[in-house]
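Asks: The amino acid sequence is not available; the structure is as follows:
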């Protein structure tokens with residue numbers, strides 16, 4: 001009986017999902033560049049950010065606690081590469097998205113992703 005329980009527990013443990021990835025670790029300079037890009041590109045016209053006082057748009061989701069969210073736009077796995085692709089060209093990254101393509105470079109998009117992952121509520 002003990003063997004059966006041990007086998008059952010081992011099988012259950014093997015079937016568990018791996019633990020969630022740790023939080024992302026970006027360079028502070030990338031996070032600051034990302035914030036600068038967000039401010040310059042006017043992202044706050046549609047989204048609220050914790051460290052941008054005005055405007056605090058409401059057309060898009062509130063991003064005051066972005067870190068730790070689930071899928072990007074409810075569909076894409078929440079990875080830095082997917083987030084950078086989405087913020088740069090949402091209609092291509094997730095067809096049907098109402099977010100427009102942004103006039104930012106790939107490098108700037110990676111910095112924006114770093115900034116967004118740096119926004120947490122803890």
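Replies: That came through, no problem. Small disclaimer: the values here were computed from a predicted structure and weren't measured. Numbers count the residues shown, from 1 in each chain.
Asks: switch to C-alpha atoms for all contacts and neighbour counts from now on
Replies: Noted.
Asks: okay, and the helix or strand of this structure with the least pLDDT?
Replies: helix 2-15 (a mean of 59; mean pLDDT, DSSP states H and E).
Asks: ok now the helix or strand just after that helix, how far from the chain's centre?
Replies: Scanning forward in sequence from helix 2-15 by DSSP states H and E, the next helix or strand is helix 28-41. Chain-centre distance of helix 28-41: 15 Å, with CA atoms, centre = their mean, to the nearest Å.
Asks: Quick check: buried residues in helix 28-41?
Replies: For helix 28-41, a neighbour-count test (16 or more other CA atoms under 10 Å) marks 30-35, 37-39 as buried.
Asks: Throw those residues into TSV and include distance to residue 116 and pLDDT, thanks.
Replies: Formatted as TSV, those follow (distance: CA to CA, whole Å; pLDDT from 0 to 100):
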residue	distance to residue 116	pLDDT
30	11	96
31	8	95
32	10	96
33	11	97
34	8	97
35	8	96
37	11	97
38	9	97
39	12	95
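Asks: I'd like the residues you listed laid out as TSV, including distance to residue 53.
Replies: Formatted as TSV, these follow (distance: CA to CA, whole Å):
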residue	distance to residue 53
30	21
31	18
32	16
33	18
34	16
35	13
37	15
38	13
39	10
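Asks: Specify which member of those is nearest to residue 68.
Replies: residue 31 (16.2 Å; CA to CA).
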